[in-house]
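Attaching a predicted model along with its sequence, questions to come.
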Amino acid sequence: MIRSLLFKSSVAVAGGLALLGGMAGLNSRPAMSQGTSGLLEFRWDSSKDYRRLYYYQTSNIENDRSEWYLTLREKDRKTAILKLTVTVPDYFDAKLKPHRMALCKVTKGSMLRRTKCLEKVPATIEVNDNQTAIEVFPDQPVPIDGDYALLIKMFNPQGQRMYQFNALVQAPGDVPMSGYRGSWLVDMD
């Protein structure tokens, strides 16, 4: 009797697992990771001068419509921003259009909420002719407090590659010189 009861319970458990496995196959869409990579980031050329910055993208699939938030958090900068320059790799093949970009004050996303633009900061945005630099000139210097991001709406580039965008910030002061603030290392699947 105990043997038949054990056999029936093991058959029920096996059937339940098979049913769950079949149901898991119904939604066969691959899971997507959004934004800054997790706990481990590997770099061949690791240097003390490299500083990783937070970013968020709504899609990391090639040729998919996406919004990229290249974020400069409050803790990543010690001064106001008079000018922001973002260097773009020369092999980045997505078309960058200034009218599809904005400088925003943002809330940083987490597991339960998305990164989103709270308010747009009035700014002039320019992209150079060979698409290797984005220059942002805010109408007023961006204050030290709060998180700000360059919002870029575009179609993702083609191919599975990694892109490193660098942030150069010019602070208000006597010497008009831009300094390195960090890099966004964006991975496309």
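Received, thanks. What you are looking at is a predicted structure, and each value in this text was computed from that prediction instead of being measured.

OK, contacts around the residue nearest to V86 when sequence neighbours are not counted?
On the basis of C-beta to C-beta, 6 or more residues apart in numbering, the spatially nearest residue to V86 that is not a chain neighbour turns out to be I134, at 4.3 Å. C-beta coordinates here come from the backbone N, C-alpha and C atoms, glycine included. The neighbours of I134, taking C-beta atoms under 8 Å, 6 or more residues apart in numbering as the test, are T85, V86, V88, L96, P98, M101, I125, E126, V127, L150, I152.

give me the beta-bridge partners of I134?
Taking DSSP bridges, one finds V86, V127 as the beta-bridge partners of I134.

Can you show me the helices along this structure?
With DSSP state H applied, the chain shows helices at 2-24, listed in chain order.

what residue ranges in it are flagged as low confidence?
Residues of the chain meeting the criterion pLDDT under 70: 1-47.

thinking again about what came up before, gap between the residue nearest to V86 and K75?
I134 sits 23 Å away from K75, taking C-beta to C-beta, to the nearest Å as the criterion.

again with G182
Counting by C-beta to C-beta, the gap from G182 to K75 is 11 Å.

So which of these two has more stuff around it?
With other C-beta atoms under 10 Å as the criterion, G182 and K75 differ in neighbour count, and G182 comes out ahead with 19 against 8.

What residues of stretch 163-175 count as buried?
Y163, F165, N166, A167, L168, V169, Q170, A171 (16 or more other C-beta atoms under 10 Å).

correct me, but the second one touches S183?
Right, F165. Yes: F165 is within contact range of S183, at 6.5 Å (criterion: C-beta atoms under 8 Å).

Out of the buried residues of stretch 163-175, the closest to T107 would be?
Using C-beta to C-beta, A167 comes nearest to T107 of the buried residues of stretch 163-175, at 19.4 Å.

Once you drop chain neighbours, what's closest to the closest one?
For A167, the spatially nearest residue (C-beta to C-beta, 6+ apart) is R181, at 4.4 Å.
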